[in-house]
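S.K.: Sharing a sequence plus its predicted fold:
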Amino acid sequence: MAWLQLLTTGLMAMMASSISISISEDSGLPVVDAEKERPAEIVRKESYPILFRKKREWIWNSLYVEEEKPAPNPYKIGQLKSNQNVSVKKFKIEGEGANTIFTVDQKGDLFVTKSLDREEKNSYHLTARMYDGNNKLIEDSGEFIVQVTDINDNIPVFPRTYNGSIMERSIIGTKVVEVRATDADDPTTANGDLKYTLTQDGDLSAFQIDGNTGVISCKISTLDRETKSQYVVVVKAQDMRGMPSGSTATTSVTITITDTNDNIASFTRRTYELQVPEDHKLNEKIGTLELEDRDQIQNKEPIFNIPNENKQMFDVILSPNKDGNIMLKQALDYETTNSYTFTVRVGEKLSFPADNAGSAVTTAQVNIKVLDVDEPPVFSQLIYSFNVVEERLVKNVGMVTARDPDKANKSIRYSILDKDCPITINPLTGQLSTLRTLDRELEATHMFQVKAQEEPSGLESFVKVNIIVQDINDNKPELAVDEIFVCESDNAGTVIGTLRATDKDDQPASFSFNLASPSANFSIKDYGNNTADVMVKQGPFRMDDPSDNSLDVSISDGGQPIQASVTKLSIKVCQCEARRIPTHCKAGAQRMGVSVHALIAILLCILTILVIVILFVMRKRYQKDSLASMKNSGEIHEQLVTYDEEGGGEMDTNGYDVSILTSACHDGSLLRHPDHHPHPSLYAMVQKPPHQHTQPTACKGDMAAMIEVKKDEADHDRDGIPYDTLHIYGYEGPESLAGSLSSLESSSTGSNLDYDFLNDWGPRFKSLAELYGVDGPDYYHQY
């Protein structure tokens with residue numbers, strides 16, 4: 001076949017070489033071909049350019065090269081010829097692969113120097129020139145193409161992996177997937193023409209392939225995912241149009257069968273035994289009816305049906321995995337019904353006849369056993385409402401009843417949970433009564449909870465109770481009127497204001513207005529529609545008239561019983577312009593009635609203020625008495641606190657009596673005991689052993705004890721003034737019977753006095769303790 005193509009191409013090339021094309025050397029415009037060679041003719045027509053025509057003399061054979069042909073030595077593929085009769089000729093070529101892949105010799109023979117690959121490059125464009133022995137151009141460039149002919153040197157290739165899917169029960173011819181292979185050989189020849197087939201290596205039972213397009217389709221209509229969910233076919237692609245001599249390639253194609261709803265759901269059991277306590281919550285699951293469905297869960301669509309007589313009590317809904325959950329719709333009562341038995345059916349809406357129609361279990365019996373539990377009391381109503389007339393004590397408001405639903409039938413005890421509830425309940429009977437009178441105007445409805453509990457200390461339940469307070473006519477009408485004035489120029493019969501009234505009671509009122517006391521200047525005209533006008537009876541009026549222009553208006557509400565009130569209405573006198581426009585008025589006060597509740601509130605406030613004032617005065621008096629008792633507690637105490645001067649020694653006795661200090665030193669009378677008998681001096685109990693250097697004796701032991709006692713009294717007295725100046729007391733002078741109180745002439749090491757008590761006074765007396773040379777400075781580390 002390749003040789004036939006080569007021969008045909010050569011004949012066409014020879015025919016083309018016999019056609020001469022003449023080109024104008026000057027302008028390059030084409031001219032008409034001549035049959036024979038003759039001198040160039042010059043044709044002049046008006047302004048047209050001179051045209052030359054010249055016949056091309058190139059003659060050569062068609063040039064074809066077979067790909068992949070080995071070229072250990074250059075081989076000839078054709079010859080360049082010209083009909084010019086020249087003894088010596090020389091050829092040159094230019095273009096793609098010139099003088100590298102293709103060479104030419106002096107005879108015009110064209111050679112190929114290497115093996116060519118058509119898939120890399122299928123043609124080469126070259127030009128040729130011919131010269132004589134003097135290197136003179138004889139023949140201008142002529143173009144020719146070297147074609148690389150194809151051979152079957154490439155095998156088919158599948159560029160990727162192919163997989164497909166198809167729904168079960170699909171009809172014959174349903175497309176699954178299209179596979180395509182590629183071949184690098186020339187697709188216009190048999191070398192690149194591919195055919196597709198399915199091989200015996202794969203499953204050939206259900207699918208087929210189109211040999212030209214590679215489309216795999218279904219060839220049966222009985223695909224069943226539940227029987228076989230996956231097929232693997234092997235596709236072979238072969239070039240040379242599928243001839244046995246062609247090259248081949250294979251690939252595996254996995255075909256998945258997708259699911260459709262072609263199976264009915266089936267009960268896993270024919271009888272389901274369930275147990276449920278009687279206090280099970282409504283709309284919650286009692287149990288599950290397990291189902292088996294060969295289809296996938298997205299195609300599992302069961303439909304449940306239960307008998308009509310059980311639909312009010314139970315229902316079956318789908319669970320997350322599409323089984324049947326039995327739900328409770330009404331409350332169970334073991335004492336009424338302790339078991340239920342009914343039949344449940346299951347079905348599905350299918351697009352195809354069910355594969356398992358003969359084996360599926362579509363009906364099942366459900367047996368539900370109710371278990372007894374201890375239940376709380378049950379009220380006879382979900383909520384109670386009673387009416388109570390206001391301002392009355394009612395002993396029989398109504399009754400709240402509850403019972404024990406269990407067989408034990410325990411007694412019930414009632415109580416009200418809300419504090420400050422004006423209603424009480426009989427704990428045994430549930431009878432409600434009022435603790436105090438109710439006022440609809442203060443609170444029209446009372447709501448509280450009643451607890452019912454099984455005795456003793458059993459289960460309990462609660463219920464709401466509403467008490468609606470009914471109205472009676474117990475409130476007096478109140479005058480509602482705008483500010484009323486009378487002009488100095490008003491004449492008799494002038495309407496100066498309109499009266500209206502309000503009533504807190506929730507009853508339709510028919511108000512009537514009249515004067516409670518006669519008036520010489522004004523009158524009231526009642527219209528019978530709950531309004532009345534105040535009219536001038538006689539005038540004139542003057543602003544400088546000191547007389548009172550007020551009216552006592554009596555209002556009746558017309559209820560049962562009738563309630564009436566009297567209100568003083570003040571009328572101002574004004575100077576008016578036209579159309580009764582006031583310009584200046586004499587001030588007047590409108591006095592309205594004050595309710596009893598307002599008066600009680602005012603009195604309570606006054607009483608509270610009085611109690612607070614009395615308590616405050618009593619506290620002040622107590623503090624004053626405490627201070628007075630402290631001042632009178634003793635002469636020595638007062639002298640120690642207030643003394644702040646230095647005298648002239650023992651002879652200076654005008655300011656105080658020093659003998660008292662001396663007596664304290666002798667018999668301890670400074671701190672007397674209640675028995676009035678002499679006791680040893682306190683100084684003797686705390687005195688240190690005497691040192692070598694003796695000092696004049698003085699009564700400092702008792703003084704220290706006395707000061708310590710007084711200090712403790714001052715520290716623990718919250719109402720007294722703290723005597724913080726005790727530590728600065730100092731007395732110093734010659735000829736003192738008590739000796740010197742100064743430590744200037746003594747030292748901490750030579751003193752026979754004990755000042756350890758200063759350590760007990762805390763860190764604030766640390767400096768004083770160190771001044772008197774108290775042993776143990778480490779004492780203060782504990783503070």
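M.R.: It's in. Keep in mind that what you see is a predicted model, and the values were worked out from it rather than measured. Residues are numbered from 1 along each chain as shown.

S.K.: number of nearby residues for the nearest residue to Gln470 once chain neighbours are set aside?
M.R.: Counting by C-beta to C-beta, 6 or more residues apart in numbering, the nearest residue to Gln470 once its immediate chain neighbours are dropped is Val389, at 4.8 Å. C-beta coordinates here come from the backbone N, C-alpha and C atoms, glycine included. Neighbour count for Val389, taken as other C-beta atoms under 10 Å: 14.

S.K.: and if you look at Tyr162?
M.R.: 20.

S.K.: so it makes contact with Ala237?
M.R.: No. Checked against C-beta atoms under 8 Å, the pair Tyr162 and Ala237 is beyond contact range at 11.6 Å.

S.K.: Now do the buried residues in the longest strand along the chain.
M.R.: Criterion DSSP state E: the longest strand present in the chain is strand 137-149. By neighbour count on 16 or more other C-beta atoms under 10 Å, the buried set for strand 137-149 is 138-139, 142, 144, 146-149.

S.K.: Tell me the predicted confidence for Asp503.
M.R.: On pLDDT, Asp503 comes in at 87.

S.K.: can you check Glu577 too?
M.R.: 86.

S.K.: got it, and the one 10 residues further on?
M.R.: Confidence at Ala587, expressed as pLDDT, is 66.

S.K.: Which positions in stretch 268-288 come out as buried?
M.R.: Buried residues in stretch 268-288, counted by 16+ other C-beta under 10 Å: 272, 276, 278-279, 286-287.

S.K.: typed the wrong thing, it's stretch 231-242
M.R.: 231, 233-240, 242.

S.K.: Next one: the residue nearest to Gln470 from Gln563, what distance?
M.R.: Between Val389 and Gln563 the distance is 16 Å, computed by C-beta to C-beta, to the nearest Å.

S.K.: does Asn325 really touch Phe304, like I thought?
M.R.: No. Counting by C-beta under 8 Å, Asn325 does not reach Phe304; the two are 9.7 Å apart.

S.K.: overlap in contacts of the two?
M.R.: 289, 316 (C-beta atoms under 8 Å, 6 or more residues apart in numbering).

S.K.: about what we covered before: show me which pair in the buried residues of stretch 268-288 is furthest apart.
M.R.: Checked with C-beta to C-beta, those reach their widest spread between Tyr272 and Asp279, with 21.8 Å between them.

S.K.: thinking again about what came up before, out of the buried residues of strand 137-149, which is nearest to Asp715?
M.R.: Ranked by distance to Asp715 (C-beta to C-beta), these are led by Val148 at 126.9 Å.

S.K.: To what extent is the closest residue to Lys69 other than its chain neighbours buried, counted in neighbours?
M.R.: Leaving aside its chain neighbours, Lys69 sits nearest to Ser115 (6.1 Å; criterion: C-beta to C-beta, 6+ apart). Burial measure for Ser115: 14 neighbouring residues, criterion other C-beta under 10 Å.

S.K.: Helix, strand or coil: sort out Ser115 for me.
M.R.: Under DSSP: H, G, I helix; E, B strand; the rest coil, Ser115 falls in the coil class.

S.K.: is it true that it touches Pro74?
M.R.: No. Applying C-beta under 8 Å as the test, Ser115 and Pro74 come out as separate, 11.6 Å apart.

S.K.: List the neighbours of the helix or strand just after the longest strand of the chain that are in contact with it.
M.R.: The C-terminal neighbour of strand 137-149 among helices and strands, as given by DSSP states H and E, is strand 163-167. Applying C-beta under 8 Å, 6+ apart, the contact partners of strand 163-167 are 174, 176-177, 216, 218, 223, 253-260.
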